Structure formats: C-alpha cells, structure tokens
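Novice: please work out how this folds:
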Amino acid sequence: MNSIITYLLLYIHHLHKQISFLLLFIAKYIPLKQWAYDDSHSPKYRRFTLDRLPIVIKHQELDYRVLIKNYFNSNLKELKPVRRRNGKTIPSDIICPHCHAPHDYLYDNNGGKGQYQCKVCGENFNVNHRELKPIRFKCPYCGNTLERIKSKKDYHIHKCRNLKCSFYRNHKNKVPKDTSHTEISKFKLHYIYREPSKKFFDMDLSTLPKWATNFRYRKNNAYIMGLCLTYHVNLGLSLRKTSHALKDIHNISISHTMVANYAKTAALIIKPFIDYYDYKPSKLLAADETYIKVRGVKGYIWLVMDATKRSILGYTVSNTRTVEPCIITMRMAFEKFKTFPGKSLKFIADGFTAYPLAKYFFDQEVFNNPEDKDKRFTITPVIGLSNDDEVSTKYRPFKQKVERLNRTFKATYRGTNGYGSDDGASLSLILWVGYYNFLRPHKIHKWKRPLNLVDEFQHTNNMPEKWQLMIWLGQQHHLTQQKEKSVS
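Specialist: This next block holds a predicted model:
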C-alpha cells in the first residue's frame, strides 16, 4: 500500500514538472497578448470595422455683448479686454467670426502667423479662413476636430490626427512590436468617421412615370397580355420565345417588341401593390447580392427576404456593389413593418462590408432624428462556408435560404442571356418578385399555394387572369395615391 502511494506521489510530481515546462514554453514563445488578434480580431482587419459616431457641433450665431453680460451675471465682474504686451497690436478690422467680438478681445494665438483666439467665446479661428463650416465633427475620444482626408462616391472620410488620442494609443499598443515602419500603415490606428455624401434616406422608393398608369389595347386585349406574362415570367421564356409560343400554341401573332412593352408597363403598374402589400414580416431577415449581366457588363441584384415566411421584402438592381443600393434595399424591407421591431430584429448577411456600413449610416440617421430611436437593429454576419463559430452554426440555415433564393432567380434569369438595359433589368426583377411572392407555388406549403394569399386570386386558377387581377390591384394603388396627393 505504501509503495502505491509513493508511486502516485512521484507521478504527480512528474506531471507537475511537465505542466510547468509547458506553461513556460507558452509564455515565452506564444504570447497570450497575440491570441486576441488572430483572424478577424487582428489589427490588420481594423480597417474593415466601423467606429462609434463622432461629436457633431453645429455652428450657432453668437453675440459677444450677450456673452459679456452673461459673464458679468455669473462672475459679478466685467470681462475686460486683452492686455497687450511689448506693444503688440491686432488690426482693428479683425473680428471673431463666431461671436463678432472686436479686436480688443482677441489674442494672437501663434505669434503673428494668422491664428487668433477669442477671449469672449473661447474659440480659435484663422484670419485666412474666416468662413465657418456649418457642421464640425470631433473625435469622441479626445475631442480633436476631424480632418477630411478622402472622398469616395457615397461618403467622405474624416480622420483624427491627434497622436495623443486614447483611441490611437490603444490601437498602436496592439500592433506587434516587430512591425516595421513600412508595414505599420497596414493597420488602422486613427479614429475614422464616414460622412454620407448622398441623402440616402430622402430618396423616393416609389417613383413612377405618368404614362404607365393605364393600358390602351389597339390590337390585342388584357387576356393576351396575361398570356405574355405567363410565358415570359412564370416559364422563364425570352421575349422572342414568348412570341413564338403564342404563335405556335394559340395562333396569336405578336412581336417580341410588343411583349417587351407589355412586360415593361405591367411591371411599373404592379410595383406599388408589391411594395405596399401587408406581408406581416417576422423579426428575422436575410440579405444577399448576386451577379447579373447588363449589356455585357457585370451588374448586381440585391435581395432582402423574410427568413421565416420566405417573402421578398426588398429588391434593387445596381451597376455597382456599393453601400447606396444596399441602403435602398434595406429601406424597402424595413418599410414593410408597421411597427419597427428595433433591436429585436435580426438582420443576417454575409461578411461583405456594405452591410455594416449601411447599418452605420442607419445609426447616423437615428442619431440625427432622436424620434426614430426605436429604429436601431443588429446585423449578424455569417462568414465562410463552414461553421467555425457558434454564430455561423446558429444562423447559417437562414443564410442558406437567401442563397437558395438567388439560385431560384438565376434559373429564370439564365434564359435571358443577360439584360439589354438597366431599366429592363429592374422591370424584369419587379415582375419576378411579384410572381415569386403571389403566384408561384412554394415548397413551404407543399407546392399547393403561393407564399401570400390574396383574396382576389382565390376565385380563379387561370394564371393569365391572375396577372390581370394583379395589374388591377396595382392600378387601385395608383388611384389611391393620386387621391391622397390631390387632397393634400
């Protein structure tokens, strides 16, 4: 018995030596500080992250006489003019651009090089740049005024150049010590703010030409138009194949140009019905973008779907993969909510930086309009093809649904061999979204009914008549909008 206890004690002592050796090896050759910067937490990936919003200072007209009076009321003594030394003076024509204080209350702030400080309001200004910016942005960490360093298509980039800023110091300390001066530019160290140069939230999402509000059939009728849409949209036939099908099957002579005109007008009329239908969306949305060809050049389709009910809530065609079409698509989806769910909304997307940047601009819009404080939401990125983390494991099935939606769209788009114009791509997408949301039988309902049941569609199983009814419903929306505009 004693020998067994002695053996176990020796074995425990041996294991303790091995563990101590491994701990020393890890501490020496694998610094724990480095673990925090692997993969997406590395300082090299900081350039893809978005910082908090800056401090916004709007210019306000001040009166130095009111400020002097307030100083006397609070300190019970007068604010005296600046006492000059060594006979130095300031030209009498220089006044403070902030409060219009005369030269008697101004300091020479940099030894005659043109910068002055007002004793009344405490602001600095330069004699060569007297025009004041209506809005100034300051770093939320150090209060330093941000400097615009670059302008891109959709936003301006402002940077804090203060080397004593806590944001700069903290991120500089995270850079590996063996990094050379030439490689340090690969890391994001300074605070960055992106100011949108476009008014993304003032754009009208329901613009419509006046000519697209009614039909005038000179040769054909509404039923033939329904046949054209059934062959072209439901079956995915091209314009010319649709024309041939009508001739070979129904003995109806109609040109492919007329089919294109019918499709174009129908898309414009049914758009408000698609956009303003009450989908009653869930709090789980999924988004993705895919490639198309427009005039032989790469374009993009943006889709946002209800990941629970499968309906398409937002859709946009763009020729660039920037943040603008991303914001427009998200706005279309969010307008389907009668009451925005706020932070309980889960927005699932891939790792493309346009989505977090779009959320950044949405947060700015909420910041500028405090009454919209309930419109904040969270984005859940599902990155890669394998479930390497808990988030990807939980939300990848919803991301796969929107990927499957892209493949469903591509199956219809592939027969067109690309689009001939941007308008043609947009109008074709509208028709397909209307078909997908209201006419196409869906697997979630065992292929027996579409995603959304419309009462007017329940009395007919004839697809051309359903297209006519959808056009009629779109016309009713147009009439309602016209009445509201005339009343207002």
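Novice: for the chain, which segments count as strands?
Specialist: Using DSSP state E, the strands of the chain run over residues 55-58, 106-108, 115-118, 124-126, 135-138, 147-151, 155-159, 192-196, 284-294, 297-306, 312-318, 346-349, 378-381.
Novice: so which of the ones you listed is nearest residue 426?
Specialist: Nearest to residue 426 among those is strand 312-318; the distance by Cβ to Cβ comes to 4.6 Å. C-beta here means a position set from N, CA and C on the backbone, and glycine is covered the same way.
Novice: give me the sheet partners of that closest one and which way each runs.
Specialist: strand 297-306 (antiparallel) (DSSP bridges).
Novice: what about residue 136, neighbour count?
Specialist: Residue crowding around residue 136 was assessed by other Cβ atoms under 10 Å; the count is 15.
Novice: for residue 442, that is, sorry about that
Specialist: Residue 442 has 17 neighbouring residues, counting by other Cβ under 10 Å.
Novice: is it true that residue 318 touches residue 298?
Specialist: No. Taking contacts as Cβ atoms under 8 Å, residue 318 lies outside contact range of residue 298: 10.7 Å.
Novice: when the two are compared, which one has more neighbours?
Specialist: Counted by other Cβ under 10 Å, residue 318 and residue 298 do not tie: residue 318 has more neighbours, with 21 against 12.
Novice: show me the shaky parts of the stretch 51-200 of the chain.
Specialist: Across the stretch 51-200 of the chain, the ranges flagged by pLDDT under 70 are 59, 87, 129-134, 198-200.
Novice: ok, now with 90
Specialist: Scanning the stretch 51-200 of the chain for pLDDT under 90 picks out 51-66, 68, 70-78, 80-104, 107-117, 119-138, 140, 143-158, 161, 167-200.
Novice: show me where it has helices.
Specialist: Assigned by DSSP state H, counting those that start in this stretch, the stretch 51-200 of the chain shows helices spanning 64-75, 166-173.
Novice: out of those, nearest to residue 364?
Specialist: Per Cβ to Cβ, nearest to residue 364 of those: helix 166-173, 18.7 Å.
Novice: mind saving the C-alpha coords of that closest one as PDB?
Specialist: Provided in PDB are the C-alpha atoms of helix 166-173 (Å, rounded to 0.1, in the frame of the first residue of the first chain):
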ATOM      1  CA  SER A 166      -6.700  57.500 -26.400                       C
ATOM      2  CA  PHE A 167      -8.100  55.600 -29.500                       C
ATOM      3  CA  TYR A 168      -4.800  56.000 -31.300                       C
ATOM      4  CA  ARG A 169      -2.700  55.000 -28.300                       C
ATOM      5  CA  ASN A 170      -4.700  51.900 -27.500                       C
ATOM      6  CA  HIS A 171      -4.600  50.600 -31.100                       C
ATOM      7  CA  LYS A 172      -1.000  51.400 -31.500                       C
ATOM      8  CA  ASN A 173      -0.200  49.300 -28.400                       C
END
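Novice: enumerate the positions of that helix that are buried.
Specialist: By 16 or more other Cβ atoms under 10 Å, the buried positions in helix 166-173 come out as 167-168, 171.
Novice: cool, and stretch 391-408?
Specialist: Neighbour-count burial for stretch 391-408 flags 392, 395-396, 398-399, 401-402, 405-406 (criterion: 16+ other Cβ under 10 Å).
Novice: again with stretch 270-280
Specialist: For stretch 270-280, by 16+ other Cβ under 10 Å, it's 270-275, 277, 279.
Novice: tell me, how many residues neighbour residue 413?
Specialist: Applying other Cβ under 10 Å, I find that residue 413 has 21 neighbouring residues.
Novice: if I look at it, how far off is residue 436?
Specialist: For residue 413, the distance to residue 436 (Cβ to Cβ, to the nearest Å) stands at 12 Å.
Novice: same thing with residue 381?
Specialist: Residue 381 sits 26 Å away from residue 436, going by Cβ to Cβ.
Novice: more neighbours: which of those two?
Specialist: The residue with more neighbours, out of residue 381 and residue 436, is residue 436; 25 against 19, by other Cβ under 10 Å.
Novice: residue contacts, the nearest residue to the more buried one once chain neighbours are set aside?
Specialist: Nearest residue to residue 436 in three dimensions, chain neighbours excluded: residue 312, at 6.0 Å (Cβ to Cβ, 6 or more residues apart in numbering). If a contact means Cβ atoms under 8 Å, 6 or more residues apart in numbering, then residue 312 has 303-305, 405, 433, 436-437 as its contacts.
Novice: pLDDT score for residue 312?
Specialist: Here, the pLDDT recorded for residue 312 equals 94.
Novice: residue 279 too?
Specialist: Per-residue pLDDT puts residue 279 at 92.
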